[in-house]
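Peer 1: no sequence for this one, just the structure:
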């Protein structure tokens, strides 16, 4: 529930905390006692009863301290789900002198929400202890009978992100939590005690297998029909929400009760609720070996990315739910390594900034060391490889063109998986540690970021002693002058073609692609597209009755090639193979790849058409020209660095325009800029950007540090600009 910004404060209106009267405290304490003891099954054994009896004095004393001593207040918020008749009431225990000396209340330095209730006017509909209260009393109630819904550890991260729990993701449910359907409930209206028991037991705690302390609480949605077994309500093969989450480890209630400083403490105030398996508000790990065999569940792969094996997660904005049971209940520490810039994983190949190994020889995509260590090691190596003339350097350029290339082979840098979450936070810590010095961008007054540029670093710092200069950081701009980027056109088969043409799914998804990065992406080369077409022609025997070099078109292939034409249009019954291949290929969805040569190393795979670097030349008065460039950011080229480089090489004036829209030009994407040079240097810019010295006779284009494909450069010559003289170099002429 509490995962939207401002939800704890009650939306647009600031919530008010109201101190509880003594009578309200006693009543709330009695409700808590009833909750913990009414949570027992009717068929408890004598041994269960003995454990309950032995834990009673301590639990009663703990509840007395929690609810009757210290500061306790209530906070009313709108109920979840948009039910205007209901109100969510949170009970907050704030820190004071009594909490410091408390025997049973473990939170000494933080305020905690201890209870939550859904109320209709003054009537309590549902209520439950919070995760914080479970953490305080867990040792006193853990020996009681089953009290919580059990799920695989790997599914916990989805609940921590704000998802509800789907039925297929449930492993175990206490019998007292199973309700009755609306039809069966009609028969219970006269039985008030039974009705109340059903209402109370509908609120459940959730824990992971191997770590019994609850990390979430919510409303159980498992209602049995007459004659229906409880085991039929959850597990593989079922559908729907099993538990609607109200409070979970990692949600807004957790974030409001723990500070960054407290995260380093070794106590209940460190944000882990006294449980070592609670990790950074992201997921929960088991503390003991799991007894059940994972092979009992229908997973297909281990939990290594954003999609756990066999786990279905709804992306709906209203309900984000956890689904199918996973086959590996223990998540990897590096499981958040998705959307990784310059990574080696095939699934991440759609990210524009990623650098991927194109050979696929070793297939090694596992990170060595923690995400924090991988980032820090790459950062230190990049610093050591810097040359004096590289400084000062934009921190964005330094990260993209120095830190990422200097990471250890076989490792990935995922900022979201690190302690810092953002590179700027990491830089602040290194400034504090005395490793680096940063400052604002002195050339751009509009950029107020105090950490825009890396100015210097401490070469004698302790962290740099184990690093030696390598060739990875050589080159003024982090590029290897002997390598070039080649643009490769790729093609994606539209979804409806698979059924229409009855195509092999392995072929459609590029399962057998020659490079590991393309496997499973559905991005096909022109050769692979032609192979799929040839298989279809051979299977349907379309060339059997046609002349050599041509085929007869069947209905399915006609729909693919011509779609729904007007009745006046003529659709041929036969087509030559020469005309068929380009026509068939043109009907695919576009994609592209950037390959570093030599070595055939794929550095980017993306759907759609490649972004353009736009070069426009216009004429001013007195027969002078202006050249404008935009789109360099798409290819990890820092515009400020490039502008300075061009002005030095070509001896022309150059400026960075952050807002060309103010002068009537087309607006830029957020974070992009436009470069303006005071001369017609289109040929020189092409030569510099592509690294091809033959495109210009100017001596300043030699030894270029750039190597983007020439096909992504779009040249536009405005009216009055003379045509380009070199062969094939005529740009678009605009009036």
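Peer 2: Ah, there it is. All values reported here derive from a predicted model rather than from experimental measurement. Numbers count the residues shown, from 1 in each chain.
Peer 1: pretty sure residue 236 contacts residue 168?
Peer 2: Yes: with contact defined as Cβ atoms under 8 Å, residue 236 reaches residue 168; the gap is 5.7 Å. Quick note: C-beta positions are derived from backbone N, CA and C, even for glycine.
Peer 1: of the two, which one has the most company?
Peer 2: residue 168 (24 against 13; other Cβ atoms under 10 Å).
Peer 1: and the more buried one, that's in a strand?
Peer 2: No: assigned with DSSP: H, G, I helix; E, B strand; the rest coil, residue 168 falls outside any strand and is helix.
Peer 1: my guess is it meets residue 241, correct?
Peer 2: No: using Cβ under 8 Å, residue 168 is not in contact with residue 241, being 10.8 Å away.
Peer 1: which parts of the stretch 551-700 of the chain are helices?
Peer 2: Under the criterion DSSP state H, counting those that start in this stretch, the stretch 551-700 of the chain contains helices at 555-562, 577-586, 639-650, 682-690.
Peer 1: looking at the ones you listed, spot the one closest to residue 671.
Peer 2: helix 639-650 (10.3 Å; Cβ to Cβ).
Peer 1: got the angle for that closest one vs helix 682-690?
Peer 2: Counting by axes from the mean of the first three to the mean of the last three Cα atoms, to 10 degrees, helix 639-650 lies at 120 degrees to helix 682-690.
Peer 1: and helix 639-650, what other elements does it pack with?
Peer 2: Counting contacts by 3 or more Cβ pairs under 8 Å, 6 or more residues apart in numbering; DSSP states H and E, helix 639-650 is packed against strand 393-394, strand 654-657, strand 674-677, helix 682-690.
Peer 1: most packed of the ones you listed?
Peer 2: Stretch with highest mean neighbour count among the helices and strands packed on helix 639-650: helix 682-690 (a mean of 23; mean count of other Cβ atoms under 10 Å).
Peer 1: downstream of it, the next helix or strand is which one?
Peer 2: Moving toward the C-terminus from helix 682-690, the next helix or strand (DSSP states H and E) is strand 713-717.
Peer 1: quick one: mean pLDDT for that next one?
Peer 2: If you average the pLDDT over strand 713-717, you get 93.
Peer 1: also stretch 370-386?
Peer 2: Averaging pLDDT along stretch 370-386 yields 90.
Peer 1: quick one: distance of it to the chain centre.
Peer 2: With Cα atoms, centre = their mean, to the nearest Å as the basis, stretch 370-386 stands 23 Å off its chain's centre.
Peer 1: which residues of the stretch 501-650 of the chain score low on pLDDT?
Peer 2: Scanning the stretch 501-650 of the chain with the threshold set as pLDDT under 70 gives 564-569.
Peer 1: ugh, wrong one, I meant the stretch 201-350 of the chain
Peer 2: Short version for the stretch 201-350 of the chain, where the test is pLDDT under 70: 201, 259-267, 288-350.
Peer 1: all helices for it, in order.
Peer 2: 252-256.
Peer 1: tell me where it has strands.
Peer 2: For the stretch 201-350 of the chain, the strands defined by DSSP state E, counting those that start in this stretch cover 203-208, 211-220, 223-224, 241-248, 278-279, 283-284, 321-322.
Peer 1: can I assume residue 464 is in contact with residue 383?
Peer 2: Yes: in this structure, residue 464 is within contact of residue 383 by Cβ under 8 Å, at 6.5 Å.
Peer 1: list residues touching both of those two?
Peer 2: Common contacts of residue 464 and residue 383 (Cβ atoms under 8 Å, 6 or more residues apart in numbering): 435, 457.
Peer 1: neighbours around the nearest residue to residue 136 once chain neighbours are set aside, how many?
Peer 2: Once flanking residues are discounted, residue 136 sits nearest to residue 106: 5.6 Å by Cβ to Cβ, 6 or more residues apart in numbering. Residues near residue 106, counting by other Cβ under 10 Å, number 18.
Peer 1: residue 106 contacts residue 135, doesn't it?
Peer 2: Yes: using Cβ under 8 Å, residue 106 makes contact with residue 135 at a distance of 7.3 Å.
Peer 1: any stretches of the stretch 351-500 of the chain with poor pLDDT?
Peer 2: 351-368, 410, 471-483.
Peer 1: do a quick rundown of the strands in it.
Peer 2: 393-394, 436-439, 453-457, 484-492.
Peer 1: need these in a markdown table with distance to residue 708, can you?
Peer 2: Putting the strands of the stretch 351-500 of the chain into a markdown table (distance: least, Cβ to Cβ, whole Å) gives the following:
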| stretch | distance to residue 708 |
| --- | --- |
| strand 393-394 | 19 |
| strand 436-439 | 29 |
| strand 453-457 | 24 |
| strand 484-492 | 6 |
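Peer 1: ok, now how distant is residue 517 from residue 493?
Peer 2: Per Cβ to Cβ, to the nearest Å, residue 517 is found 18 Å from residue 493.
Peer 1: the two: who's more crowded?
Peer 2: residue 517 (28 against 22).
Peer 1: on the three-state scheme, that one is what?
Peer 2: Judged by three-state DSSP, the three-state class of residue 517 is coil.
Peer 1: that one contacts residue 605, correct?
Peer 2: Yes: using Cβ under 8 Å, residue 517 is in contact with residue 605, at 6.1 Å.
Peer 1: which parts of stretch 223-240 are buried?
Peer 2: 223, 233, 234, 235, 238 (16 or more other Cβ atoms under 10 Å).
Peer 1: among these, which two are most distant?
Peer 2: Largest pairwise distance in the buried residues of stretch 223-240, by Cβ to Cβ, is 15.8 Å, between 223 and 235.
Peer 1: rewinding a little: figure out which of the strands of the stretch 201-350 of the chain is closest to residue 154.
Peer 2: strand 283-284 (7.9 Å).
Peer 1: for that closest one, packing partners?
Peer 2: helix 156-160.
Peer 1: show me what the helix it packs on is packed up against.
Peer 2: Contact here means 3+ Cβ pairs under 8 Å, 6+ apart; on that basis helix 156-160 packs against strand 211-220, strand 241-248, strand 283-284, strand 321-322.
Peer 1: now with 6 Å?
Peer 2: strand 283-284 (3 or more Cβ pairs under 6 Å, 6 or more residues apart in numbering; DSSP states H and E).
Peer 1: strands paired with the strand it packs on, and their directions?
Peer 2: strand 278-279 (antiparallel) (DSSP bridges).
Peer 1: residue with max distance from the center of the protein?
Peer 2: The C-alpha centroid of the chain is most remote from residue 547, which lies 54.2 Å away (Cα atoms, centre = their mean).
Peer 1: that one and residue 611: what is the separation?
Peer 2: Distance from residue 547 to residue 611, by Cβ to Cβ: 44 Å.
Peer 1: also residue 282?
Peer 2: 33 Å.
Peer 1: hang on, the earlier thing: ramachandran angles for the residue farthest from the centre of the chain?
Peer 2: phi -60, psi 160 (degrees, to the nearest 10).
Peer 1: ok, now how distant is it from residue 508?
Peer 2: Taking Cβ to Cβ, one finds residue 547 at 30 Å from residue 508.
Peer 1: before we move on, what about residue 72?
Peer 2: From residue 72 to residue 508 the distance is 61 Å (Cβ to Cβ).
Peer 1: the two: which is more packed in?
Peer 2: Remark: of residue 72 and residue 508, residue 72 carries more neighbours, 21 against 18, as counted by other Cβ under 10 Å.
Peer 1: identify the bridge partners of that one.
Peer 2: residue 93.
Peer 1: verify the stated contact: it with residue 92.
Peer 2: No: contact criterion Cβ atoms under 6 Å: residue 72 and residue 92 do not qualify, at 7.3 Å.
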